[in-house]
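Undergrad: Coordinates for the following, if possible.
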Amino acid sequence: MLIAYWVLAGILAVLYLMAGSQKVYKSKETLLDAGLAWAKSFPAWAIKAIGALEIAGAVGLLMPALTKTSTLLAPLAALGLALLQVGAVVLHLRRGETNIIAMNIVLLLMAAAATWLGFTFWT
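TA: This is a model prediction of the structure:
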């Protein structure tokens, strides 16, 4: 089961580092051109804040467990990413973007599983 945590945490960390980095480093207009229509509803600072939260969550999934210090932070980071996905699902439902929700639900389930596994092993 510990291997399951590391697999989930690794996949989530890579995905959130990529997604968060794009939101932090690319302009709002570039993101809109890339197909992130939801970004139209948010100011640029909020998009960058979401990206920063994604990056922090990705780091939080791995670093506490790798360093064996403050290991409670790893499942809390996973919980934070799960909550971020709940917000994304709600946003996309309100905007009628049902074609995107499947990926959000998969990420939500993965983050929820990482939360459960993290609390099981790191606390």
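Undergrad: Without its sequence neighbours, what residue ends up closest to residue 50?
TA: Spatial nearest neighbour of residue 50, excluding adjacent residues (C-beta to C-beta, 6 or more residues apart in numbering): residue 23 at 5.7 Å. The way it works is simple: take the backbone N, C-alpha and C, and place the C-beta from them, glycine included.
Undergrad: Oh, that last question was meant for residue 100, not what I typed.
TA: Excluding its sequence neighbours, the residue lying closest to residue 100 (C-beta to C-beta, 6+ apart) is residue 92, at 5.0 Å.
Undergrad: next one: residue 37
TA: Residue 37 sits nearest to residue 97 (C-beta to C-beta, 6+ apart), 6.9 Å away.
Undergrad: cool, residue 88 as well?
TA: Excluding the flanking residues, the one nearest residue 88 by C-beta to C-beta, 6+ apart is residue 104, at 4.6 Å.
Undergrad: now residue 114
TA: Residue nearest to residue 114 in three dimensions, not counting chain neighbours: residue 78, with 3.9 Å by C-beta to C-beta, 6+ apart.
Undergrad: follow-up on the earlier one: who's in contact with the helix or strand containing the residue nearest to residue 100?
TA: For residue 92, the host element (DSSP states H and E) is helix 73-95. Taking contacts as C-beta atoms under 8 Å, 6 or more residues apart in numbering, the residues outside helix 73-95 that touch it are 9, 12, 16, 37-38, 41, 50, 53-54, 56-65, 98, 100-101, 104-105, 107-108, 111-112, 114-119, 122-123.
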